[in-house]
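Enquirer: what shape does this take:
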Amino acid sequence: MRRVSRKGLIALGSLVVLVSCMLLGLRSSMNTYEDMAEELLFEARLLVQSISIRQLRSLSGQESDLGNPVYTRLQKQFSLIADSIPDCRSVSLVARRPNGELFTLLDSDESLSPGTPFKNLSPEFKQLFETGIPFVSSPYKNDSGTFVSAGVQIFDPAAQRLNQASLEDARKMVSDAVAFYRKNGRKAVLDEINKNDGIFRQGELYIFVYDRNMTVMANPMKKEMIGMNHLDQKDWTGGKYFRREMKQIADTKGSGTVSYEYENPVTRQWEGKTAYFERADELIFAAGAYTGKGVSITALNLTLDASKWKQEALYAALPYLILAVLLIILLWLSVLLPVPLHKIPSLTFLRRNLDLILIVTGGLVLTFFAAWMVHSKNMKNR
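Expert: A predicted model of the protein is given here:
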């Protein structure tokens, strides 16, 4: 068998080091972006909480708002907020007309009059009124530059939906499902729950079932989830591990309630939800009542210049790229030095054990990469 030359081993070792460090750098950049995105979304949520719904009801989205003291006060407030946030491009309220057109309700830039069609929005924002899911966009470009934005809908809780299911309705449905299970058995109850027109599906109220490890056994609204374990899944990015809480209560008390956010199958909006659940043998039966955010009246759009985000992501990856270059230089010096290493007494060990050193170096880099991935995941889960 032909032996691989030392230059070949050096080339292989260089490739391993380069790829490993690039992966580390990429992961570091992604973590940096995710951290900045979570911070931006947090700021947007805080802004939404600071806005008075009563004051928003007095805005019409027309030029007549310019003479409204509430509009003037809010516009100055938004302008101060935009000035206080580094790299902030604008803070605005966006509303939607019945024909689907998005327009400015209020903007930190006083040159934008109420009612002005909103054109420079991220692609994600255009879906916000359909999904109701708060988001942070990927960097996007328009005529003014590259930006990133966060969007959060604002609801009027005084305008509740009719025929909204209650937590008591959820309790009764769970009780009926457990009784059905006791009478007809496991397969029969799971089949019935998974039916599109089954007795355990009534509008936004429906039964869903986990086993005691939080693997989905039945869900008429999301059948694609059946068989998937969701113990470590949050209700939304940055949210809570509500299924862990369900498991802990079901294992210790047998039944209880848990609150989280989830998509309402009727409104297609993400809303607060309180679920009642009950353990029966190895199954956990649950049903939830959506708390209802009310009717959407506008959405906050917080837009930042994305250039800093790109710089921060690059800076996060830079140390690993520098490490890769240094390691590769050291490896190639071992064969390209004018004086052979075996003639340098202090480097004899390096020359004789080059193969082992290459393997150990690549292994250490890969191990560090794996450890960093696990550490990052654990930090996110706290």
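Enquirer: how about the helices in the protein?
Expert: For the chain, applying DSSP state H gives helices covering 6-50, 53-56, 69-84, 128-131, 167-184, 186-193, 242-252, 307-336, 348-352, 354-381.
Enquirer: how far away is the closest residue to Phe125 other than its chain neighbours from Cys21?
Expert: Nearest residue to Phe125, sequence neighbours excluded (C-beta to C-beta, 6 or more residues apart in numbering): Gly151, at 4.7 Å. The way it works is simple: take the backbone N, C-alpha and C, and place the C-beta from them, glycine included. In this view, Gly151 and Cys21 are 36 Å apart by C-beta to C-beta, to the nearest Å.
Enquirer: again, but for Met246
Expert: For Met246 relative to Cys21 (C-beta to C-beta), the value is 41 Å.
Enquirer: where does the prediction get shaky in the protein?
Expert: 1-10, 157-163, 236-239, 267-268, 292-296, 330-331, 333-382 (pLDDT under 70).
Enquirer: what about Lys273, how many neighbours?
Expert: Lys273: 22 surrounding residues under other C-beta atoms under 10 Å.
Enquirer: for Tyr241, grab phi and psi.
Expert: Tyr241 adopts backbone torsions of phi -90, psi 70, taken as degrees, to the nearest 10.
Enquirer: quick one, what contacts it?
Expert: Leu231, Asp232, Gln233, Lys234, Asn381 (C-beta atoms under 8 Å, 6 or more residues apart in numbering).
Enquirer: the third one touches Arg244, doesn't it?
Expert: I take that to be Gln233. No. Counting by C-beta atoms under 8 Å, Gln233 sits too far from Arg244 to count as a contact (9.6 Å).
Enquirer: which parts of stretch 188-195 are buried?
Expert: Neighbour-count burial for stretch 188-195 flags Val189, Leu190, Glu192, Ile193, Asn194 (criterion: 16 or more other C-beta atoms under 10 Å).
Enquirer: show me the contact partners of it.
Expert: By C-beta under 8 Å, 6+ apart, stretch 188-195 touches 177, 180-181, 184, 198-201, 206-209, 217-220, 223, 226.
Enquirer: which of the residues you listed fall within strands?
Expert: Using DSSP state E, Arg201, Tyr206, Ile207, Phe208, Val209, Met217, Ala218 are the members of these that sit in strands.
Enquirer: just confirm the first one contacts Lys223, I think it does.
Expert: Right, the one you point to is Arg201. No. The pair Arg201 / Lys223 is not scored as a contact, 11.8 Å apart, by C-beta under 8 Å.
Enquirer: more neighbours: which of the two?
Expert: Using other C-beta under 10 Å, the more surrounded residue of Arg201 and Lys223 is Arg201, with 20 against 12.
Enquirer: and the gap between that one and Met221?
Expert: Arg201 is 8 Å from Met221, by C-beta to C-beta.
Enquirer: one step back: dump the contacts of Tyr241 to a markdown table, plus distance to Ala11.
Expert: Formatted as a markdown table, those follow (distance: C-beta to C-beta, whole Å):
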| residue | distance to Ala11 |
| --- | --- |
| Leu231 | 44 |
| Asp232 | 41 |
| Gln233 | 43 |
| Lys234 | 44 |
| Asn381 | 39 |
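Enquirer: out of the residues you listed, which is most surrounded?
Expert: Lys234 leads those on contacts (other C-beta under 10 Å) with 17 neighbours.
Enquirer: for it, list the residues it contacts.
Expert: Contacts of Lys234 by C-beta under 8 Å, 6+ apart are Lys240, Tyr241, Phe242.
Enquirer: output the residues you listed as JSON lines; include the columns distance to Glu38.
Expert: Formatted as JSON lines, these follow (distance: C-beta to C-beta, whole Å):
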{"residue": "Lys240", "distance to Glu38": "14"}
{"residue": "Tyr241", "distance to Glu38": "16"}
{"residue": "Phe242", "distance to Glu38": "18"}
